[in-house]
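**Student:** sequence first, predicted model second:
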Amino acid sequence: MKVITRFAPSPTGYIHIGNVRSAIYPYLLARQNNGKLILRIEDTDRERHVEGATELIEDTLEWLDLNWDEGPIVGGPNGPYFQSERKDIYLKWAKKLLDSGRAYADPTPSEKIEEYRKECNDKKIPFLYRNFRPQNPPEWKPGMPIRFKTEPKSYEWRDEVMGEMKSGPEVLDDIILIKKDGYPTYNFAHIVDDAEMNITHVMRGVEYLSSTPNYLALYEALGLERPHLVSLPHILAPNGNKKLGKRDGAKSVTEYRDDGVLAEAMLNYLACLGWNDGTEQEIYSKEELIQSFSLDRIQNSGARYDETKLLWLNGQWIRKIFDEQGAEALYVHTENFWPESAKNATDDYKIKVLSIIYDRLKVLSDLKTMTGYFFEDPKIDIEMLTNNKFLKKLSESELEALLKTSIKKLIDLKVWDEDSLQTALNELLEETGKKPAELFSLIRLALSFAPFSPALNLTLKTLGREISLARLNAVARSI
RNA sequence: GGUCUCGUAGUAUAACGGUUAGUACAUCGGGUUUUCAUCCCGACAACGCGGGUUCGACUCCCGCCGAGAUCACCA
């Protein structure tokens, strides 16, 4: 049997860290089995619908490189893929239930329902609408809600993550199928759609576990085969034990893209939050995830979101891409992260800078703060020299003399490359009798006036002879 | 409150009923000719509690405690 999974978000806003896993796992399962992933937009709640949210969802999936086989944009044989365009289909299925006596039109005004509910609360008994079912339901007409007529009984089922489950009749109720506005409820629409689209694995958050018996009753009444049910535990907020949501400041997934997190790292982190393949591997490419993914190794307790680890993973990915695919492969991701001063620099030069700085980056946006001095002369700040922990024991005249000696040495250098520069620096150490901490800090700061920078010979090489000497001279004069 | 789920270091996780309870992030030390980072080495740190079953329990069973989910014409 072909595996068909789906990601079915409602367009109420951006996709955040807490809910994107219900897109990742269906994707991995589909790809692993040569199956299909369907993207379906569940927009039956017109009040919560947010303009542009669908595009946000698509953008997120595209960024993470989770392509879908059917859905908005790409189309497919089982469309439409917006529930709001499928009203006829739901009605058709609801009428089947109406005809077979497994559903009824409910004329009860909502105030009356509230009364029933209150009555139960007062008596401290569970409120079940089926106990208040209208005796002689009218013929259904548009504008009237349709309710399922449930048959209380016990159910057993298997959840691929949670294991064997069972429930008693007390959880079954007459749920609304079609709202009075004509739109279906989630409870009904997803069942119909999953069936029509031949979904084999329904993966969604654990919050639906409690309603599963009602869904099972619906499958039964509609004569449908149950799909595999997969409950995904919540991702928890960094603080407290609540599931991570927008209220806890859950950032949108794509916000991390703007901060310079690589999609590879994001996918890697999210996929491994609450899932592992039993090995000690930490870094997974998308292909490796597809290879090793398995439903039965999804954790069945919630996992806490830990941004620190995401950032660590991002650093790993930055280095991995550079080391395995080269500087240019990493460079294409850096476009939006260079400092303003770099706007006139050539790609070639920026690639050189990237090549010596990349292993210091946690996020690509670090480039903004870490590379300024490669593109414009830094502001000379003599105090930064005199307050430096290695340099403060030297007098200003000593600093000046040291700089001049260094300049002289570098001027005489025939070849301005990595090795020659390192040799010259080593000779300078001997000739001046200074410790690396002193001499190198001085030169480094005079060139960059930055809190940190790459290895000295590489910095010199990248800046070039002219600029390096000009900066050293300028500092020597300023002391 | 009813129903359901979950419970290994700060965090994410590993461990056919038999291991000094493993790994990674974080933290703290140390090393690599300056800084920051990388990389390497090391340290700290966990089976929620109580009963059983068993020669032996993180693992199986029961109870408790704790945390979460759900009880909508929202999804």
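**Tutor:** Noted; the coordinates are in hand.

**Student:** find the residue at the geometric middle of chain A.
**Tutor:** Chain A has residue A:253 as the residue nearest its centroid, 3.9 Å off, counting by C-alpha atoms, centre = their mean.

**Student:** can you count the residues close to the nearest residue to residue A:397 once chain neighbours are set aside?
**Tutor:** Residue nearest to residue A:397 in three dimensions, not counting chain neighbours: residue A:479, with 8.0 Å by C-beta to C-beta, 6 or more residues apart in numbering. Using the backbone N, CA and C atoms, a C-beta is placed for each residue, glycine as well. By other C-beta atoms under 10 Å, the residues close to residue A:479 number 17.

**Student:** list the contacts of residue A:479.
**Tutor:** Applying C-beta atoms under 8 Å, 6 or more residues apart in numbering to residue A:479 gives the contacts A:382, A:385, A:396-397, A:399-400, A:403.

**Student:** can we see that at 10 Å?
**Tutor:** A:380, A:382, A:385-386, A:395-401, A:403, A:446 (C-beta atoms under 10 Å, 6 or more residues apart in numbering).

**Student:** quick one: which of these is nearest residue A:269?
**Tutor:** Taking C-beta to C-beta as the measure, residue A:269 lies nearest residue A:446 of these, at 39.9 Å.

**Student:** what about the residue nearest to the closest one when sequence neighbours are not counted, which SS state?
**Tutor:** Among residues not flanking residue A:446 along the chain, residue A:475 sits closest, at 4.2 Å (C-beta to C-beta, 6+ apart). Three-state call for residue A:475 (DSSP: H, G, I helix; E, B strand; the rest coil): helix.

**Student:** just give me the neighbour total for residue A:475.
**Tutor:** Residue A:475 has 24 nearby residues by other C-beta under 10 Å.

**Student:** which residues of chain A score low on pLDDT?
**Tutor:** For chain A, no stretch has pLDDT under 70.

**Student:** which stretches of it form strands?
**Tutor:** Using DSSP state E, the strands found in chain A span residues A:4-7, A:36-39, A:103-105, A:146-148, A:155-159, A:163-167, A:176-178, A:201-205, A:228-232, A:235-236, A:303-304.

**Student:** ranges for the helices of the stretch 351-479 of chain A?
**Tutor:** A:366-370, A:382-386, A:396-411, A:418-432, A:436-448, A:456-463, A:465-478 (DSSP state H, counting those that start in this stretch).

**Student:** domain-wise, how is chain A divided?
**Tutor:** A:1-237, A:326-376, A:382-478 (automatic domain parsing).

**Student:** okay, those domains in TSV with distance to residue A:294 next?
**Tutor:** Formatted as TSV, these follow (distance: least, C-beta to C-beta, whole Å):
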stretch	distance to residue A:294
domain A:1-237	8
domain A:326-376	30
domain A:382-478	42
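
**Student:** to residue A:307, which of those domains lies closest?
**Tutor:** Closest among those, using C-beta to C-beta: domain A:1-237, at 8.8 Å.

**Student:** what parts of the stretch 1-150 of chain A come near RNA strand B?
**Tutor:** A:8, A:10, A:42, A:44-45, A:48, A:106, A:108-110, A:113, A:117, A:124, A:126-127, A:145 (C-beta under 7 Å from any atom of the strand).

**Student:** next one: the stretch 301-450 of chain A
**Tutor:** A:301-304, A:306, A:308-309, A:312, A:315-316, A:319, A:359-360, A:390, A:422, A:425-426, A:429, A:436-437, A:440-441, A:444.

**Student:** which ones are touching the closest residue to residue A:68 other than its chain neighbours?
**Tutor:** Distances taken as C-beta to C-beta, 6+ apart put residue A:39 closest to residue A:68, at 4.1 Å, once the chain neighbours are dropped. Contact partners of residue A:39, counting by C-beta under 10 Å, 6+ apart, are A:6-9, A:23, A:26-27, A:54, A:57-58, A:61, A:66-74, A:76, A:81.

**Student:** same question, residue A:239
**Tutor:** With C-beta under 10 Å, 6+ apart, residue A:239 has these contacts: A:248-249, A:304.

**Student:** show the buried residues in those residues.
**Tutor:** By neighbour count, with 16 or more other C-beta atoms under 10 Å, those hold residue A:248 as buried.

**Student:** ok, so of the contacts of residue A:239, who is nearest residue A:471?
**Tutor:** residue A:249 (42.7 Å).

**Student:** I'd say residue A:56 and residue A:255 touch.
**Tutor:** No: counting by C-beta atoms under 10 Å, residue A:56 stays clear of residue A:255, with 11.0 Å between them.

**Student:** which one's more surrounded, those two?
**Tutor:** With neighbours defined as other C-beta under 10 Å, residue A:56 and residue A:255 compare such that residue A:56 has more, 18 against 13.

**Student:** any residues in contact with both of residue A:56 and residue A:255?
**Tutor:** residue A:14.

**Student:** returning to that earlier point: need the contacts of residue A:239 in a markdown table (columns: distance to residue A:265).
**Tutor:** Converted to a markdown table, the contacts of residue A:239 look like this (distance: C-beta to C-beta, whole Å):
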| residue | distance to residue A:265 |
| --- | --- |
| A:248 | 22 |
| A:249 | 20 |
| A:304 | 18 |
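
**Student:** so which of the contacts of residue A:239 comes closest to RNA strand B?
**Tutor:** When the contacts of residue A:239 are ranked by distance to RNA strand B (C-beta to the nearest atom of the strand), residue A:304 comes first, at 3.1 Å.

**Student:** need the helices of the stretch 351-479 of chain A in CSV with distance to residue A:196, can you?
**Tutor:** Below are those laid out as CSV (distance: least, C-beta to C-beta, whole Å):
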stretch, distance to residue A:196
helix A:366-370, 48
helix A:382-386, 68
helix A:396-411, 74
helix A:418-432, 64
helix A:436-448, 63
helix A:456-463, 60
helix A:465-478, 66
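
**Student:** quick one: closest of these to residue A:85.
**Tutor:** helix A:366-370 (44.2 Å).

**Student:** against which helices or strands is that closest one packed?
**Tutor:** Packing partners of helix A:366-370 (3 or more C-beta pairs under 10 Å, 6 or more residues apart in numbering; DSSP states H and E): helix A:347-357.
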